[in-house]
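Undergrad: how would this look folded up:
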Amino acid sequence: MKNTTGRLLTLFLMTVLTATGLSVPALAQPPDGDIRARIEAIPGMRVLGERTATPGQVVLDLTYRQPTDHRHADQGSFDQRLTLVHKSTQRPMVLYSSGYDLGSSPNRMTEPAQLLDANQITTEQRFFGTSRPEDPDWSKLTIWQAASDHHRLITALKTMYHGAWISTGGSKGGMTAVYHRRFYPDDVAGTVAYSAPNNTDDRDDTAYDARLEQVGTTECRAAIKSAQRDALIRREAMTERYARWAEGEKKTFGTIGSVDRAFELAVVRLPMMFWMHQSTDGCASIPTSTATDDALYLWLAKVTQLPVYTDQTLEAFTPYFYQLGTQLGYPQFATPYLDGLLRYPGIQEIRTYVPRDIPLRFQPAAMADIDRWVRRHGSSLMFVNGENDIAVAEHFRPGNGTYDSYLFNVPDANHHISITGLRPNDAEQATAALRRWAGQTETAAR
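TA: Just a heads-up that it's a prediction; the model follows:
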C-alpha cells in the first residue's frame, strides 16, 4: 500500500509540474528500482502486466499510444504493443523488431542485447497483431510511418534510458531497422541488420534466379527441381492430401482462390524456402521419384510451409504482403523447367496474397531511396547475411559515402544466422564495432 501511494504521489507531482511548464527535478523521479512507476509516468505509455524475470531484470508488457498518421496526429491513434526487458537505466538499450507482430517470446534477448548486457525494447509493427486502428486506413502503413513510430518511442524512452541505443532485427525486422535509420539517422548509435533483403528494382529478379543456380551443389539443385516436377506431376494426389488436411483443420483458401492454386504457388516457391530454412544436410532428405505420395507430400508440407497459404494465416500477414505490394517488392522466380506443368500465370504476383478490397499501388522509388541513403550517407550499419540465403540475393551494400559500416557473410549458412557464426576474425570485428557503438570500448572508428 505504501509503495502504491508513493507511485501515485510521484505521478501527481510530475503531472502538475509538466502542466505548469516547469521542468521535472531529478528527485521527483521514482528510483531506478521502481521502473514500473517511471514507465507509467511517460505520457501515452500503459503497463499491461509484468512477466517472470531472471534476477536483476524486470520484464513489462506495454502499449504506447501512436498517431495513425504522424503528419496529422489529431486524426486518430492506436496502441502499439511493446515488451521491455529492463536491467538499468544506465545500460545500453537495444530496440528490436521482427518486422511483424510481437511474437510469442518478446522477452527473449537478441544477440546484440546479450553481447552488450543491455536493456531491450521489443516492438510490434503498426497494423500487425493488435497494433492497429479499429478501422485501418491501409495508406498509413508505410515505412516512413513505421519509422516515425520508432522515433517517437525512442524520444519518449530516452528521457530515462541514458545509455547508447542500438537497433536490430532479422529479415523484415532488419529491413525495418534500416528504414528507421534512413529517416531518423541519429536516433540510435548503431544498427545490426541480419538477413535483410534489399529489393531495389522490383521489375528485375535476375539476381534471385542467378543465386538459385549457384547455391549448394549441382546435384542438390537438380534434386530440388526434380522434386518440384514430381510434385506437379502428382498434383492430384498432393492436393487431395492438402485439401484433407485443410478440412480437418478448418482452413480455407478464399484469398488465393483454391487449394490447387495454393499448392502450385507453394511448389514454385519451394527452392527459395528450402535454401532459406534448410541446412546443406537437408539435400540428403529430398525425395526421389521413387518416394511414395505420402513421403513426398510430408516433405513438401514441411519445406514449403503449406499452412502459410490458407486464409487464416494470410489474414495475420496481410500487412506484410500489403507492404511487399506497395513499397518493399518481392521476387518472382523463373521456372522454365516446369513448363507444361503450371496452370496459373501470374500466381506469383503479390496481389495473390492480398484480399481484393485492399488497394495495392506500388511505389518503385521507395526502396531505391533507402539503398541510395545507405550507400551515400549511412553510418554505423552492420549487415550480416548467410552465404546460402536466397532472400538476400539482393542485399544492402555500403558505398563510398557509407561510414563505419560493415557487411559480413556467415559461411555455409541460411536465413537463420548470428554474429557468433561468422568466421573468427569477422566475429571479433563485428563484436568490437557493436561494443564501440555502445560506448563499451575506446577503439577508434575506422
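Undergrad: from here on, contacts and neighbour counts on C-alpha atoms
TA: Fine.
Undergrad: on the pLDDT front, check Gly257 for me.
TA: With respect to pLDDT, Gly257 scores 98.
Undergrad: so how far is Ala295 from it?
TA: 26 Å (CA to CA, to the nearest Å).
Undergrad: and the helix or strand Ala430 falls within, what's buried?
TA: Assigned by DSSP states H and E, Ala430 falls within helix 424-437. For helix 424-437, the neighbour count (16 or more other CA atoms under 10 Å) marks Asp426, Ala427, Ala430, Thr431, Ala432, Ala433, Leu434, Arg435, Arg436, Trp437 as buried.
Undergrad: and for stretch 161-176?
TA: Neighbour-count burial for stretch 161-176 [16+ other CA under 10 Å]: 161, 163-176.
Undergrad: out of those residues, which comes closest to Thr304?
TA: Thr304 has its nearest neighbour among the buried residues of stretch 161-176 in Ser171, at 17.6 Å by CA to CA.
Undergrad: surely the closest one meets Asn198?
TA: No: using CA atoms under 8 Å, Ser171 makes no contact with Asn198, being 10.1 Å away.
Undergrad: what's the helix holding Ala430 packed up against?
TA: If you count contacts as 3 or more CA pairs under 8 Å, 6 or more residues apart in numbering; DSSP states H and E, helix 424-437 packs onto helix 111-116.
Undergrad: could you pull out the buried residues of the helix it packs on?
TA: Under the neighbour-count rule (16+ other CA under 10 Å), helix 111-116 has Glu111, Pro112, Ala113, Leu116 buried.
Undergrad: so how far is that helix from its chain's centroid?
TA: 18 Å (CA atoms, centre = their mean, to the nearest Å).
Undergrad: what pairs with the helix or strand that it is followed by, parallel or antiparallel?
TA: Tracing the chain past helix 111-116, the next element assigned as helix or strand by DSSP H and E is strand 119-123. Strand 119-123 has its sheet partners listed here by DSSP bridges as strand 77-86 (antiparallel), strand 93-96 (parallel).
Undergrad: which strands or helices does the following helix or strand past strand 119-123 pack on?
TA: Going down the chain from strand 119-123, the next helix or strand is helix 143-157, by DSSP H and E. With contacts taken as 3+ CA pairs under 8 Å, 6+ apart, helix 143-157 sits against helix 172-183.
Undergrad: elements contacting whichever strand or helix holds Ile39?
TA: Secondary structure assignment for Ile39, by DSSP H and E: helix 35-40. If contacts are counted by 3+ CA pairs under 8 Å, 6+ apart, helix 35-40 sits against strand 45-51.
Undergrad: quick one: strands adjacent to the strand it packs on?
TA: strand 58-67 (antiparallel).
Undergrad: tell me the angle of the strand it pairs with relative to helix 143-157?
TA: Angle of strand 58-67 versus helix 143-157, following axes from the mean of the first three to the mean of the last three CA atoms, to 10 degrees, is 130 degrees.
Undergrad: then strand 58-67 to CSV, C-alphas only?
TA: In CSV, the C-alpha atoms belonging to strand 58-67 read as follows (Å, rounded to 0.1, in the frame of the first residue of the first chain):
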residue,chain,number,x,y,z
VAL,A,58,12.1,-6.5,-14.8
VAL,A,59,10.0,-7.5,-17.8
LEU,A,60,7.0,-5.4,-18.6
ASP,A,61,4.3,-5.8,-21.3
LEU,A,62,3.3,-2.3,-22.5
THR,A,63,1.4,-0.3,-25.0
TYR,A,64,2.3,3.1,-26.3
ARG,A,65,-0.2,5.4,-28.0
GLN,A,66,0.8,6.3,-31.5
PRO,A,67,-0.8,8.6,-34.1
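Undergrad: which residues touch it?
TA: Outside strand 58-67, the residues within contact range by CA atoms under 8 Å, 6 or more residues apart in numbering are 35-36, 44-53, 73-87, 107, 149, 153.
Undergrad: over to stretch 199-209?
TA: Taking contacts as CA under 8 Å, 6+ apart, the residues outside stretch 199-209 that touch it are 328-334, 364, 367-368, 371, 390-391, 393-395.
Undergrad: same question for stretch 79-93.
TA: So stretch 79-93 is contacted by 32, 35, 56-66, 102, 106-107, 113, 116-126, 130-133, 160-166, 438 (CA under 8 Å, 6+ apart).
Undergrad: buried among the contacts of stretch 199-209? Need that as a selection in ChimeraX.
TA: Entered in ChimeraX, the line below selects the buried ones among the contacts of stretch 199-209, by 16+ other CA under 10 Å:
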select :328,329,330,331,332,333,364,367,368,371,390,391,393,394,395
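Undergrad: show me the contacts of stretch 199-209 that map onto helices.
TA: Met367, Ala368, Asp371 (DSSP state H).
Undergrad: first-to-last residue distance for stretch 374-390?
TA: First-to-last residue span, stretch 374-390, CA to CA: 21 Å.
Undergrad: list the buried residues of the helix or strand encompassing Leu298.
TA: Assigned by DSSP H and E, Leu298 belongs to helix 293-304. Using 16+ other CA under 10 Å as the test for burial, helix 293-304 gives Asp293, Leu296, Tyr297, Leu300, Ala301, Val303, Thr304.
Undergrad: quick one: low-confidence parts of the stretch 201-350 of the chain?
TA: Nowhere does the stretch 201-350 of the chain drop to pLDDT under 70.
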